[in-house]
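Peer 1: This is the structure alone, sequence omitted:
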């Protein structure tokens, strides 16, 4: 209504007083919409004996209307999220005058998290009352509406009441438990001078200004709206949940709307003002506020209550040979509506599916599968699948697999020299059957390598390529069968016999561009001659069994030493050695079937041995360049490893399953220095080797920085020794000390001694060594510390031709962060010429270094003429936090001229007159490509005229070499 004159002040009465009495409360209503799965019901009717249709929770919508009191609603089972539409009530005005209108109520749409079974309290706001009689104002609406003011001048112009708020309360029934509130509108002045302010929004709207009074302010998020001032009466201010009363006057002010905080009442004067609207509030998510939306009473609609997704119909968990992964397959339910994804739960106990769960998005497929990573190999897992609506958090029940499944790696079986794949048996016998019975379904028997080696095969690289080719084929076949990508196969285990272990080590090295090896978790080496064997040069072995292949030459001790220089431990692989000490010499007719214990044996085959390979060779030999990380010795001959079930069941199988071996076996963790769990890989700080005369006491010192551990390893060839450490404070540490102090570890295995000290003193340590030999002894001393300062080194290439450029790299870090400003050198050692200059590595963006100051040091090296093997001894010195740190490391490169076979000096796989000419140059002029393994035809470790004679006889008369 307009202010003033068109309608006389006393003409407000337009309806009956009875009709304008307090509003009658409407009967409460609760309306539901239901939907049933018609397709499921139909299928059940047709295929009742065969079809199971899962119970589906009904979708529903619940509406709450105004009843004048609180109402309740219990959250259904499986419901964890609801969408609500909450609307506050309109304010009152003048029922007979449509121009005097209360403000409309606000609206809040939001999503609330709920708990199945909890009870929510519902308050639906009532509309503010219209003015009732000559001096009876409109009452405030239910749930916080403020009453309108009265005419305190001539008693015939009261105002409308404010509308009540609508809200939902969770966890209680007082105002502090409101989680959603929609504000009510403000009441209007009587005679169309000023309408009420709209309710809703985070701040309610102020009422209209009547002209000579102030309107009520809107409620906010922290306070009620201010009451409007008036010449005859001020409006009351809103409070928490309550609108203010209207001010009295010649024309009274409207009441404030209820809300999170109520609106203020309008001021009263000659022209009164409207009441302010109440504010809205939401603790939910995805909230939408609308101001001035609702007419009449409020309303609350709990809609889109999501039905619990149907569970999947079945699961199948497959071990695809992925090792630390499982392949889970399942079929979706008949109705996939409302499912956004599937969760795959797993654990080591039935029903114990621990988050985080693997997730597969729903995409309307007829079948699903998911690779679940991050598992422990050889550990039983219980797996289940459930469907989910990720928008609402709804999930179905878990559908478990019937049985636990154990993820396993494929096990590759590699035979040895002069052998074949049949040694591993089949589904009825031998290792293939034993592995299957032990729970390893993926057993791949390598059938591609040559048992005698391949001509032109330096360091078994061609054999390693053939092994790589076999593994790739098996992975592709397995991946296609199980429907997974080949890239999922990240790890393998290998069990190898004899030469098969060397081929497997060469595969792990992966330093040929012909292949990229898969990571080998465990390599079992049974009777592998890691330091070579003199039996490889026996006439009966080299000429009768494998007359054309170079493998026997490659497995001689001097050749294997160069191989070990080139192909060292991969730190990610666990090398497990099995050495036999049965001592059966099966190839020497002069000593038939003699055992080394108490009997005669070949002098050039070290004892104990398995008849062909010594225990010391399996364990890496005296130089310890290659050292297994686990080992055991058994009373076995060389041909018995793959047929001995006791070895498999008590050692191989437990180790494959990461279990403790069930028999008392000799197992130590070895590396270049001992490895401690709290310190990581030991970093080498010094290494010295040399021959020492008998009776000499070796004394030297080592500077040790602040570190987790100190380990000193001493290898003494053909002698016993005593070994003592002296700490900076003068404490004596030896084998007897370790018995009394758990921080000191003493180890003595064959020809190797080691002392390890946890948390050693910083400073200079002395060590003292005394041998018992009667002749010169070869002694090698290696010291390392467990520290967070690491030196990592690398070469850009390792197969080197004369004139090739190699880039040397070094990376010095502390706790993974680069250290700059270090002095890093590399000393190249040519095995035929020890005069090569020192190379300094730089972090300067030049000299092969990609970026300045990134902690990566580099420089170039061009080898001189064809030199065979080149070792690079790296040293790094740096100041780390005011403390001097010293590190050393070794890298090896070499030409591919290692003993293809004797006399083949041009390395073309043939013996020809060209080789004779080259042999003449080597013997008399010392020129050309002259590694001793090519020129030494008669195996006397020298190049001499006798070698020329034997080579002439071989080339022109076809006679065999003497060795």
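Peer 2: Sure, I can see it. Since the structure is predicted, the reported quantities are computational estimates derived from the model, not experimental observations.
Peer 1: From what I see, residue 101 and residue 196 are in contact.
Peer 2: Yes: between residue 101 and residue 196 there is a contact at 7.2 Å, judged by Cβ atoms under 8 Å. Placement of C-beta: from N, CA and C, glycine included.
Peer 1: between the two, who's got more neighbours?
Peer 2: residue 196 (47 against 24; other Cβ atoms under 10 Å).
Peer 1: ok, the more buried one - contacts?
Peer 2: 91-93, 101-103, 128, 160, 162-163, 185-188, 207-208, 254, 257, 266, 274-277 (Cβ atoms under 8 Å, 6 or more residues apart in numbering).
Peer 1: repeat that with 7 Å
Peer 2: Residue 196 sits next to 91, 102-103, 160, 162, 185-188, 207, 254, 274-275 when contact means Cβ atoms under 7 Å, 6 or more residues apart in numbering.
Peer 1: who wins for most neighbours among the residues you listed?
Peer 2: With neighbours taken as other Cβ under 10 Å, the top of these is residue 275, carrying 62 neighbours.
Peer 1: related to what we said a few turns ago, show me whatever sits in contact with both of residue 101 and residue 196.
Peer 2: Common neighbours of residue 101 and residue 196, counting by Cβ under 7 Å, 6+ apart, are residue 188.
Peer 1: now stretch 884-897: mean pLDDT?
Peer 2: Averaged across stretch 884-897, pLDDT comes to 72.
Peer 1: begin at 50 from here
Peer 2: From this message on, residue numbering opens at 50, which makes the last subject stretch 933-946.
Peer 1: Dump the contacts of residue 245 to a markdown table, plus secondary structure.
Peer 2: Compiled in a markdown table, the contacts of residue 245 are given as follows (DSSP: H, G, I helix; E, B strand; the rest coil):
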| residue | secondary structure |
| --- | --- |
| 140 | coil |
| 151 | coil |
| 152 | coil |
| 209 | coil |
| 211 | coil |
| 234 | coil |
| 235 | coil |
| 236 | coil |
| 237 | coil |
| 256 | coil |
| 303 | coil |
| 323 | coil |
| 324 | coil |
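Peer 1: between these, which is nearest residue 665?
Peer 2: residue 234 (96.1 Å; Cβ to Cβ).
Peer 1: so who does the closest one touch?
Peer 2: 139-140, 151-154, 211-212, 245-248, 306, 326.
Peer 1: Which of those residues fall in helices?
Peer 2: Counting by DSSP state H, no part of these is found in helices.
Peer 1: What residues sit buried inside the helix or strand where residue 483 lies?
Peer 2: Taking DSSP states H and E as the criterion, residue 483 maps to helix 479-486. Neighbour-count burial for helix 479-486, counted by 16 or more other Cβ atoms under 10 Å, picks out 479-484.
Peer 1: about what we covered before: ok, the contacts of residue 245 vs residue 458, which is closest?
Peer 2: residue 234 (70.9 Å).
Peer 1: Give me the contact list for the helix holding residue 483.
Peer 2: 460, 462, 473-476, 492, 494, 544, 691, 694, 697.
Peer 1: hmm, back to that, pipe the contacts of residue 245 into JSON lines and attach distance to residue 363 per row.
Peer 2: Formatted as JSON lines, the contacts of residue 245 follow (distance: Cβ to Cβ, whole Å):
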{"residue": "140", "distance to residue 363": "60"}
{"residue": "151", "distance to residue 363": "61"}
{"residue": "152", "distance to residue 363": "59"}
{"residue": "209", "distance to residue 363": "65"}
{"residue": "211", "distance to residue 363": "60"}
{"residue": "234", "distance to residue 363": "57"}
{"residue": "235", "distance to residue 363": "61"}
{"residue": "236", "distance to residue 363": "63"}
{"residue": "237", "distance to residue 363": "65"}
{"residue": "256", "distance to residue 363": "65"}
{"residue": "303", "distance to residue 363": "66"}
{"residue": "323", "distance to residue 363": "65"}
{"residue": "324", "distance to residue 363": "63"}
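Peer 1: Return the member of the residues you listed nearest to residue 500.
Peer 2: residue 234 (94.9 Å).
Peer 1: where in the stretch 100-249 of the chain is pLDDT low?
Peer 2: For the stretch 100-249 of the chain, the stretches with pLDDT under 70 are 100-109, 127.
Peer 1: just the helices in it please.
Peer 2: Counting by DSSP state H, counting those that start in this stretch, one finds no helices in the stretch 100-249 of the chain.
Peer 1: Centre of the chain to stretch 401-420, how far?
Peer 2: 18 Å (Cα atoms, centre = their mean, to the nearest Å).
Peer 1: ah, wrong one, I meant stretch 533-544
Peer 2: 17 Å.
Peer 1: biggest helix in the protein, by residue count?
Peer 2: helix 510-531.
Peer 1: Which parts of that one count as buried, going by neighbours?
Peer 2: Going by neighbour count (16+ other Cβ under 10 Å), the buried part of helix 510-531 is 510-517, 519-520, 523-524, 527-528, 531.
Peer 1: re earlier: out of the contacts of residue 245, which comes closest to residue 426?
Peer 2: For the contacts of residue 245, the nearest to residue 426 is residue 234 (67.7 Å; Cβ to Cβ).
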